[in-house]
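> Give me coordinates for this.
(one chain, ligands or ions: 1)
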Amino acid sequence: MTHTWSSPSNIALVKYWGKHGQQLPSNPSISFTLSNCRSTTSMTLKEGKGFTVALDGVDKPAFAAKIQTWFDRIDDRLPWLKDHHVTIESSNSFPHSSGIASSASAFSAMALCLLDHARKAGLSTMSSDFTEEASLLARLGSGSASRSVMGGLVVWGVHKGTPGSSDNHAIPYPHEVHPDMMSYQDLVLLVDVGQKSVSSSAGHELMAKHPFAATRFEQAHHNMDALQGILKAGDHWAFIDLIESEALTLHGLMMNSSPSYLLMKPNTLAIIQRIRQFRQDKQVPVGFTLDAGANVHMLYPESLKSTVESFANDQLKSLCKDGRMILDEVAEHHKAVKDSI
Ligand code: PMV
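Down below sits the predicted model:
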């Protein structure tokens, strides 16, 4: 049986940084699910053992170790899996080595394929809720993947003010949101398209001994609290303040880790400065966030689309690697995850 699912990437607003136990987060996080940056993955299961993995038709033995670790971690939830041979074929909508992490979209798509197989073949799973179980399985591959199995705003990690929130799986953001906040665009400015100098696993690890860890985890809870009012009111200015602080905190934590990492490049800073200058000159709410890398995600409401896109073409494109920018936006629930068979 072959199952094909397409799953999007996501961009965190309050960042997950630090984990313990089996891929459990040290603090709650919330993300926007994206629309255009996605992985489409097919899994063919037949009797046998082992697996093969290919990206865009090319065998990728380099991915095998990560997938094997994942299969080992999900063994108790999908005990039938070890009696199957799995052929995995994946492709990403975003360009190769664009510096956009594909682990969230790929693990999410793979988790959905496996669960779909269980459902169709009448095999056992541990939870009756398909999306919840898919999120949990995806989390065991890559923490942020837990947030890619559904659209809109997604919360992962226990937070007192978010009923139903769990460290085990993500949930749709349960509170009222001003419609403008769901129109956000994400223009990804590609500064560095190479291999990251620190893997996210190594980065999470650094938090275990980080001198500011406890304060950071507490701050994430406060930011989750603060976002509730901001999202409800549609307060773009407060939203930008908060997401920029989260992004710079993440990079700050890496800068003062031991060993320390500087993941921004000179053009990351140049882009940030130009965004802030543009915001001040034009008095428009455009801001940025960063992943654990050098690329900048510029976020703005759809009403500013043409203004911000011409600014990006005039002033930011030349700071991007080969002028590369990827336009994305928040995906609503029904557009996020697709069963393409
Ligand atoms: O899912 P991981 O282990 O690759 O960690 C991702 C961490 C960040 O992207 C930096 C933040 C987040 O919440 O997505």
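> The ligand contacts on the stretch 51-200 of the chain?
Proximity of the stretch 51-200 of the chain to the ligand (CB under 6 Å from any ligand atom) is limited to residues 101, 103, 142-144, 200. Placement of C-beta: from N, CA and C, glycine included.
> So, low pLDDT: which residues of the stretch 1-150 of the chain?
96-99 (pLDDT under 70).
> ok, which stretches of the stretch 1-150 of the chain are strands?
2-14, 19-20, 24-25, 29-47, 51-55, 58-59, 84-92 (DSSP state E, counting those that start in this stretch).
> right, is the longest one up against the ligand?
Yes - when contact is scored as CB under 6 Å from any ligand atom, part of strand 29-47 falls within range of the ligand: S29.
> quick one: the helices in the stretch 51-200 of the chain?
64-74, 103-121, 130-141, 200-206 (DSSP state H, counting those that start in this stretch).
> Quick one: these as a markdown table, columns for mean neighbour count too.
Formatted as a markdown table, the helices of the stretch 51-200 of the chain follow (neighbours: other CB atoms under 10 Å):
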| stretch | mean neighbour count |
| --- | --- |
| helix 64-74 | 15 |
| helix 103-121 | 25 |
| helix 130-141 | 24 |
| helix 200-206 | 17 |
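> can you tell which of those is closest to F51?
Judged by CB to CB, the one of the helices of the stretch 51-200 of the chain that comes nearest to F51 is helix 64-74, at 6.6 Å.
> Double-check I30 against V14; I have them as touching.
Yes - under the criterion of CB atoms under 8 Å, I30 makes contact with V14 at 5.0 Å.
> Between the two, which contacts overlap?
224, 227 (CB atoms under 8 Å, 6 or more residues apart in numbering).
> How far off centre is stretch 186-204?
Computed by CA atoms, centre = their mean, to the nearest Å, the chain-centroid distance of stretch 186-204 equals 12 Å.
> That should have said stretch 121-133, apologies.
23 Å.
> Which secondary structure element is home to the residue nearest to L187 when sequence neighbours are not counted?
Excluding its sequence neighbours, the residue lying closest to L187 (CB to CB, 6 or more residues apart in numbering) is M298, at 4.5 Å. Using DSSP states H and E, M298 sits in strand 296-300.
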